[in-house]
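>>> when you get a sec, could you give me coordinates for this:
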Amino acid sequence: MADNYLSRDEQIRRLRGESFDLAVIGGGINGAAVARDAALRGLRVALVDRGDFAGQTSSRSSKLIHGGLRYLPQGRLRLVYQALRERERLSRLTAPHLVHPIDFLFPVYAGRTVSRLVLWAGLLVYDLLARTPAGRRYKALDSQAVLAMEPGLQRAGLRGGALYYDARGDDCRLTLENVLDAVIHGAAAANYVGLEAFDKAGGRLRAAQVRDVLSGEQFSIRASAFVNATGPWLDDIRRMDQPAAPTAIRLTKGVHLVIEKRRLPLRHSLVLSDGQGRIVFLIRERDSILLGTTDTDYRGERAHVRAAAEDVDYLLDVVAQSLPAAALRRQDVIASFAGLRALVNGNGAQAPSRVAREELILHSPSGMISIAGGKLTTHRRIAQRVVDMICGQLGRPAGPSPTLTAPLPGARPGWGAAAAPLLPPAARAELESRYGAYAGMLEALIKQDPKLAEPLCAGCPVLAAEAVYAVRFEMAQSLADFMVRRTAMARHYPACAELAAASAAHLMGCELGWGAAREAAEVQQFMGMLKESREV
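Sure thing, here's the model as predicted:
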C-alpha cells in the first residue's frame, strides 16, 4: 500500500506544473464523471472544486438511483429508459457495493393519486424498460394487501397500490470514486481550489487562474479544453468567459428530513402523493427514515441552503395525509439537509417538478463546454456525451467510452480480505458498504496500528481507521469532509457523530498537522452544522 495515495500537496504540484488536454471546473457528480471518462480515454485531465468533492448538490440528493417513475405520465420515455439502463449498469456491474435494490410500496388513494390501473400500467412499462427479472417485477395490490404490508396507512380512501423495485446509492461516495478513478488513470485533482479568472489566446481559453483556498496560493492551470460543471454556479462561470451570457439555468430547492425510525417504524419504503401531482419518498435507512423531497424555485444564497419552515411543514403534511397515526411534529426531525438543482431555464410559468431533468450542454465561442441538469443516475452517460465532444474539439478519436464496462475502484478486485480476519464480520461488512474492495486497505491500516480497529465512540459503526484513511487516501481536509461526505455519519448516526467529533478531529489532526486549537475549531464548526440541521 503506497503512502499518500491521494496526496493533495502532490495534486496541487501537478496542477501548477503540468499542461492538460482538459480542465474540469466543479467536482460534483457531473464534473467527477467527466474527469473519469476523459482520463480513462487517455486524456491528460485536471479537476478542481472550490469546496470539497460532492460538497453541494451531489451530497444532498434523495440517494435514489432510479428511472424516474413520475416522468412516465409526462411521456418522457427516453429519459426513463436511459436512466433505467444506467441504474442496472451501476447496480450490477460498475458500483454494486454502493448501489442496492430497494422496494417501494406505493399506496393509491381516491382523488389523491393516479388510479390503480394507471399506476399498474406505468409500472409494467417501467419494468419492461428496465428488463426487470421476473422475481423483481412489480406486484399489483388491493387495499387489504397494502394494509397488511403497512398497517399504519390511512384506511379511508385507500384503493390499493403496488410494490415495485428501484435502487438507492451513496451519492457522495459515487462522486468520490469517480474522482479516485480519474486520479488512478492519471488525472490531477484537488478540492478547495477556486476559479478566479480565465486567460484567452486568439479568443480561445488557454488557462484558468485559480487559488488554493487552504493556502491562499494563486496559480494557473493550463489546458486545451475546459468543462464547466459547477451546478448552481454554472452561469457565474460562463460569465467569466462571456460577460453577456444569458441565464441558462433555473434553480430549485430540494429539502430532506431525517426522522428516527422509532418515531416512524415503517415496514417498507413508501411513495406518497401530495395530492397536487408530486410524490414524496419515505426511505428506510439503517436507524432512520429519509423523507423528501421538495421542489420549489430558489433565489437565495447558494452556498448556504437550508430547510425553511414551510418546507418542513409541507413534508410533514404529506406524511400526515397517509400516516395520520404517526402524528409527526417538527421536534421529531433529527436532521435536515437541502440542495439546489440546476434545471434548464425555459418556461418560467411551468411548475418546477414539471421541468425536464435532461442535461443541458452549452458551447461557448471560446471552446468551453458547460454542463448542467441531468440526474445522479445518469452521470456516466452525461459524461460520455461531454467527453465525446471534447475529443472532437481536440481532434482525437472518441471511440467507445471505457466507462460502459469499467467498474468503479471499490467494485474492482484488489485488496480483498486480510489473510487472517482482523475484524468481526459485521464490522467488515460495514466497511465494505462504504469502500467495497478497498475495505482491505483499511484492514491494512489496522494491521499497522491495531488501535485503529476501535470505533470512534462507543456503539459507533465507524472505525478510527476511517478517519486516517479519509485523510491519506481520500483527500479529506476538514472534519465535515469526513463526517458528512466520506462516511455520512452526520446523517446516518447524528448522535454518534456528535460524540465522536473530538476523536475524529484528533485523528485527522495528527495526519494533517493540526494543533489543539485547530482541532477544537473543527469540532466547533461541525457541531454548529449539526445544530443548524436540527433547527427546523
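
>>> domain-wise, how is the protein divided?
8-57+172-246+358-404, 77-167+250-354, 415-534 (automatic domain parsing).

>>> and the average pLDDT for the last one is what?
Average pLDDT, domain 415-534: 92.

>>> again with the first one
Along domain 8-57+172-246+358-404, the predicted confidence averages to a pLDDT of 97.

>>> now it, how far from the chain's geometric center?
17 Å (C-alpha atoms, centre = their mean, to the nearest Å).

>>> how long is it end to end?
Its start and end residues considered, domain 8-57+172-246+358-404 measures 29 Å (C-alpha to C-alpha, to the nearest Å).

>>> elements contacting the helix or strand hosting residue 290?
Element membership for residue 290 (DSSP states H and E) is strand 288-292. When contacts are defined as 3 or more C-beta pairs under 8 Å, 6 or more residues apart in numbering; DSSP states H and E, strand 288-292 sits against strand 249-260, strand 279-284, helix 309-322, helix 489-492. Backbone N, C-alpha and C define where each C-beta goes, glycine included.

>>> one more pass at 6 Å, please.
If contacts are counted by 3 or more C-beta pairs under 6 Å, 6 or more residues apart in numbering; DSSP states H and E, strand 288-292 sits against strand 249-260, strand 279-284.

>>> what angle do the last one and strand 249-260 make?
Which is strand 279-284. If you take axes from the mean of the first three to the mean of the last three C-alpha atoms, to 10 degrees, strand 279-284 sits at 40 degrees to strand 249-260.

>>> which residues does strand 279-284 contact?
Strand 279-284 is contacted from outside by 62, 70, 266, 269, 270, 271, 272, 273, 289, 290, 291, 318, using C-beta atoms under 6 Å, 6 or more residues apart in numbering.

>>> tilt between the helix or strand hosting residue 272 and strand 288-292?
If you go by DSSP H and E, residue 272 is part of strand 269-273. Between strand 269-273 and strand 288-292, the angle comes out at 30 degrees (the same axes, to 10 degrees).

>>> hang on, the earlier thing: what's the closest of the contacts of strand 279-284 to residue 218?
residue 62 (38.0 Å; C-beta to C-beta).

>>> do you know how far residue 44 is from residue 89?
The gap separating residue 44 from residue 89 is 27 Å, by C-beta to C-beta, to the nearest Å.

>>> center of this structure, which residue is that?
residue 171 (2.4 Å; C-alpha atoms, centre = their mean).

>>> so that one touches residue 61, yeah?
Yes: if you go by C-beta atoms under 6 Å, residue 171 and residue 61 touch, sitting 4.8 Å apart.

>>> need the overlap of contacts for the two.
Applying C-beta under 6 Å, 6+ apart, one finds that residue 171 and residue 61 are jointly contacted by residue 376.

>>> can you count the residues close to the nearest residue to residue 484 once chain neighbours are set aside?
Distances taken as C-beta to C-beta, 6 or more residues apart in numbering put residue 490 closest to residue 484, at 4.8 Å, once the chain neighbours are dropped. Residues lying near residue 490 (other C-beta atoms under 10 Å) number 24.

>>> average pLDDT across the helix or strand following the strand holding residue 290?
Counting by DSSP H and E, the next helix or strand C-terminal to strand 288-292 is strand 296-297. On average, the pLDDT along strand 296-297 is 94.

>>> contact partners for the closest residue to residue 302 other than its chain neighbours?
Nearest residue to residue 302 in three dimensions, chain neighbours excluded: residue 232, at 4.7 Å (C-beta to C-beta, 6+ apart). Neighbouring residues of residue 232 by C-beta under 6 Å, 6+ apart: 251, 302, 340, 342.

>>> from these, which is closest to residue 422?
So of those, ranked by how close each gets to residue 422 (C-beta to C-beta), first place is residue 340, at 41.9 Å.

>>> shouldn't the closest one be in contact with residue 249?
No: counting by C-beta under 6 Å, residue 340 stays clear of residue 249, with 9.6 Å between them.

>>> about what we covered before: columns distance to residue 82, mean neighbour count and mean pLDDT on top of the helices and strands packed on strand 288-292, output as JSON lines?
Shown next, in JSON lines, are those (distance: least, C-beta to C-beta, whole Å; neighbours: other C-beta atoms under 10 Å; pLDDT from 0 to 100):
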{"stretch": "strand 249-260", "distance to residue 82": "21", "mean neighbour count": "22", "mean pLDDT": "95"}
{"stretch": "strand 279-284", "distance to residue 82": "20", "mean neighbour count": "21", "mean pLDDT": "96"}
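
>>> which one of those strands lies closest to residue 227?
Of all the helices and strands packed on strand 288-292, strand 249-260 comes closest under C-beta to C-beta, at 15.5 Å.

>>> what comes into contact with that closest one?
The contact list for strand 249-260 (C-beta under 6 Å, 6+ apart) reads 232, 234, 288-298, 307, 311, 315, 332-343, 345, 352, 372.

>>> same question, stretch 465-478
With C-beta under 6 Å, 6+ apart, stretch 465-478 has contacts from 5-6, 8, 191, 442, 445-446, 452, 482, 486-487, 504, 507-508, 511-512.

>>> cutoff 7 Å now
Around stretch 465-478, the neighbours that count as contacts under C-beta atoms under 7 Å, 6 or more residues apart in numbering are 4-6, 8, 176, 191-192, 214, 441-442, 445-446, 452-453, 481-482, 486-487, 504, 507-508, 511-512, 522.

>>> of these, buried ones?
Among those, those buried by neighbour count (16 or more other C-beta atoms under 10 Å) are 5-6, 8, 176, 191-192, 441-442, 445-446, 452-453, 481-482, 486-487, 504, 507-508, 522.

>>> tell me the pLDDT at residue 344?
We have a pLDDT of 87 for residue 344.

>>> hang on, it packs against residue 362?
No: if you go by C-beta atoms under 7 Å, residue 344 and residue 362 don't touch, sitting 10.3 Å apart.

>>> wait, which of the contacts of strand 279-284 is closest to residue 434?
For the contacts of strand 279-284, the nearest to residue 434 is residue 290 (17.2 Å; C-beta to C-beta).

>>> and the closest one, how far is that from residue 258?
6 Å.

>>> on that earlier part again, could you flag which of the contacts of strand 249-260 are buried?
So, by 16+ other C-beta under 10 Å, the buried ones in those are 232, 234, 288-296, 298, 307, 311, 315, 332-343, 345, 352, 372.
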